[in-house]
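Engineer: Build me a structure from this.
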Amino acid sequence: MKNLLEHLSEFVLPRRLELFEEVLAKRSKYITVALEDIYQSQNASAVLRTCECLGVQDVHIIEDRNQYKLNPDVVMGSTKWLSMYRYNLSNSKTPTLEAINQLRTKGYRIVATTPHKDDVELQNLDLTKGKIALFFGTELTGLSKTMLDNADEFVKISMHGFTESFNISVSAAITLHHLRQKLENSGIMWQLSKEEKDELKLSWLKQSIKKADLIEEQFFGTK
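Structural biologist: The predicted model follows:
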C-alpha cells in the first residue's frame, strides 16, 4: 500500500522529484547555524540564503533583545526549504541558554564565531570531533557574554586588513563555504539519514502542491 510520500509524489512533475533528490543528497545537519539577536533584516536574510545554498538544513534563531526579521528581496524564498527553530522570551527566560542546551542534547559542539584567547583559525577547526553548531552574534556587539561563557570552542576568520571584522553575512558565507568543502573532502558521514530525507521530502512536497492538506485528508480518508 502506498504511503503519503509516494502518493504526493504523483502530484508533481518527474523533474521536480529529481531536483528534490539531488538537493537532499547534498543536505546536511552535521553543521547547523545559530543566530543570536540579529536585528538587520538584510543580514538575517542573507545568512539564511547562504545556509540554503550550501545545504545547511537547520537554522536556530535566538531572539532575546532583538526580533528577527526577514527581507523577502534578499531571502528569495530560501526559508521554505530550511528547518528553522526559534527561541525567544515567550518560551524561555534565557533564549540563548535554551538554544545551547537543546543543541547539546542533539550532540552538537557549541562553537562561537569570534576572536577569543582560546580560538582556532577557521582552517584549523576540527570537524572530525563531531557535529558543530556555529553561533553568530549581533552586527555591533557580537555574541553575548552568556553565549561566550557557555561555548565549547571558538573559531575566527583570519583578517589581513585594518578593519576588525567582516559583516556578519559575509562572515557566515566564508565560514560555511569553507566548512562545506572541508566536509565533502573528509570521510565524515555528513549526509542525512533516509528517515531525515523522507521527512524533508514530504515537507517540500506539501509546500509545492496546491491544496496539499486536502489531498492528505482524502488519502487518509480512503485508507
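
Engineer: pLDDT on the longest helix along the chain, on average?
Structural biologist: Secondary structure of the chain per DSSP state H: the longest helix is helix 168-184. On average, the pLDDT along helix 168-184 is 95.

Engineer: Repeat that for stretch 98-118.
Structural biologist: Rounded mean pLDDT across stretch 98-118 is 92.

Engineer: ok, now stretch 207-215?
Structural biologist: Mean predicted confidence for stretch 207-215 is 89.

Engineer: contacts for that stretch?
Structural biologist: Stretch 207-215 is contacted by residues 7-8, 11-12, 16, 80, 205-206 when judged by C-beta atoms under 8 Å, 6 or more residues apart in numbering. For the C-beta atoms, the positions are set from N, CA and C on the backbone; glycine is no exception.

Engineer: Likewise for stretch 105-116?
Structural biologist: Stretch 105-116 has contacts (C-beta under 8 Å, 6+ apart) with 32, 100, 103-104, 125, 129-137, 142-143, 147-148, 150-157, 171-172, 175.

Engineer: go on, stretch 158-169?
Structural biologist: 38, 42-43, 46-47, 50, 121-122, 136-139, 157, 171, 174.

Engineer: Return the set of buried residues in that stretch.
Structural biologist: Using 16 or more other C-beta atoms under 10 Å as the test for burial, stretch 158-169 gives 168-169.

Engineer: okay, how far is it across it, tip to tip?
Structural biologist: For stretch 158-169, the first-to-last residue distance is 16 Å (C-alpha to C-alpha, to the nearest Å).

Engineer: How far off centre is it?
Structural biologist: Remark: stretch 158-169 is offset 23 Å from the chain centroid, using C-alpha atoms, centre = their mean, to the nearest Å.

Engineer: and what of stretch 185-197?
Structural biologist: 15 Å.

Engineer: mind listing what's buried in the longest helix of the chain?
Structural biologist: Across helix 168-184, burial judged by 16+ other C-beta under 10 Å covers 168-169, 171-173, 175-176, 179-180, 182-183.

Engineer: from those, which is closest to residue 194?
Structural biologist: Nearest to residue 194 out of these is residue 183 (C-beta to C-beta; 19.2 Å).
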